[in-house]
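Q: Okay, predicted coordinates and the sequence, questions at the end:
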Amino acid sequence: MWGVALRSILGAIPVLFIVSLITFGMMRLIPGDPSAVIGGLSATAEQLAQIRSELGLDEPFLVQLFKWYGGLLQGNLGKSILLGQDVVEATFVRLPVTIALSLYALVITIILGMTSGIIAALRQNTLIDQIAMMVAMLGISVPNFFLGLLMIILFAVHLGWLPTGGYIPFSEDPVGWLRTSTMPALSLALLQMGLLARITRSTMLEVLRQDYIRTARAKGLPGRLVVVKHALTNALIPITTVIGIIISLSISGAVVTESLFSIPGMGQLLTQAVLNRDYPMVQGGLLLTTTFLVLVNILVDIAYALLDPRVRYEQS
């Protein structure tokens, strides 16, 4: 297991380097000037030049790049142009909101996605199977922002059950957190739910056809025990990998969802930073978000090794 974790960590280093390099370069290619955002429409050319000099934007690209990497080595991701605070501080304020929303969506995805996939596999080629897979295909096909708009119109505008947007932290009001997070979490979960349901169904069907499943049934073991202890346990190996992908999709999907529902998370912060050409915030925010996703993938690799002894044997 430790060998798997070490290989994953070593493999994550070049990934983070490439992401940071691409982000730094892409921000310089986006049209617009941060000095114009700070100076405003009334700023003169001399004032814009002074702002660019203070931000270090008048220096050559490589000089800016090396200075940024030098700051990274010291744990300094820079200062947000838009917020006027350290990138790390701003990120750690917003990231828990995105993580909480993504975890809520993940719980919904696992409960509904896996349950529908297992039921569809056990009722293969029946009406239940067809309905479950049709709903799964619908979830995969409908964009989460479109679903979010429909939910706002139905549950917030017409029925008045839930607020149209905003966010209440769980620590302040758990009920308020549920009210403000349910629609965003559902809009995030539908795509992943359909994906997980289809993967669970196909994996369960493959496992249920194995000889040891037929042997377990021939021994007279209860059907529920065969499904849970023998079939589902072995089906969890590929499902775990898919759950890791789902977590990544939830984090990336939060960019649109948080903007749609006015949730003060990393998605909304990065969107505002890109629109305002806040270079340090975009660069540092994406790097920290990528680091979090890399840690999730490392945990998935460790879980995969725990579930499948063959992985531990191959890595030893």
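A: Good, I have the coordinates.

Q: For I245, give me its contacts.
A: I245 makes contact with L195, according to C-beta atoms under 8 Å, 6 or more residues apart in numbering. To be clear about C-beta, it is placed using only N, CA and C from the backbone, and glycine gets the same treatment.

Q: per-residue pLDDT, it?
A: Note on I245: pLDDT of 77.

Q: Return the distance of it relative to N297.
A: Using C-beta to C-beta, to the nearest Å, I245 is found at 9 Å from N297.

Q: For A231, give me its contacts.
A: Contact partners of A231, counting by C-beta under 8 Å, 6+ apart, are 204, 207-208, 213.

Q: okay, those residues in a markdown table with distance to M183 and secondary structure next?
A: Output for the contacts of A231, formatted as a markdown table (distance: C-beta to C-beta, whole Å; DSSP: H, G, I helix; E, B strand; the rest coil):
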| residue | distance to M183 | secondary structure |
| --- | --- | --- |
| M204 | 30 | helix |
| V207 | 35 | helix |
| L208 | 36 | helix |
| I213 | 40 | helix |
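
Q: M133: which of these is nearest?
A: Distances from M133 to the contacts of A231, taken as C-beta to C-beta, are shortest for M204 (12.9 Å).

Q: and the residue nearest to that closest one when sequence neighbours are not counted, how far is that from E206?
A: Spatial nearest neighbour of M204, excluding adjacent residues (C-beta to C-beta, 6 or more residues apart in numbering): A121 at 3.6 Å. From A121 over to E206 the distance is 9 Å, taken as C-beta to C-beta.

Q: Among the two, which residue is more densely surrounded?
A: Set A121 next to E206 and count neighbours by other C-beta atoms under 10 Å: A121 wins out with 24 against 14.

Q: Now do P14: how many residues are near it, please.
A: Applying other C-beta under 10 Å, we find 9 other residues in the vicinity of P14.

Q: Please give the element, helix or strand, for it.
A: helix 2-29 (DSSP states H and E).

Q: Check the offset of the strand or helix carrying A120 from the chain's centre.
A: Following DSSP H and E, one finds A120 within helix 115-122. The chain centroid and the centroid of helix 115-122 are separated by 25 Å, computed with C-alpha atoms, centre = their mean, to the nearest Å.

Q: packing partners for that helix?
A: The contact analysis (3 or more C-beta pairs under 8 Å, 6 or more residues apart in numbering; DSSP states H and E) places helix 115-122 against helix 127-141, helix 174-208.

Q: tell me the angle the last one makes with helix 127-141.
A: An angle of 120 degrees separates the directions of helix 174-208 and helix 127-141 when computed by axes from the mean of the first three to the mean of the last three C-alpha atoms, to 10 degrees.

Q: Dump the contacts of A231 into TSV; add neighbour count, distance to P184 and pLDDT as well.
A: Putting those into TSV (neighbours: other C-beta atoms under 10 Å; distance: C-beta to C-beta, whole Å; pLDDT from 0 to 100) gives the following:
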residue	neighbour count	distance to P184	pLDDT
M204	24	30	83
V207	21	34	80
L208	19	36	78
I213	17	39	74
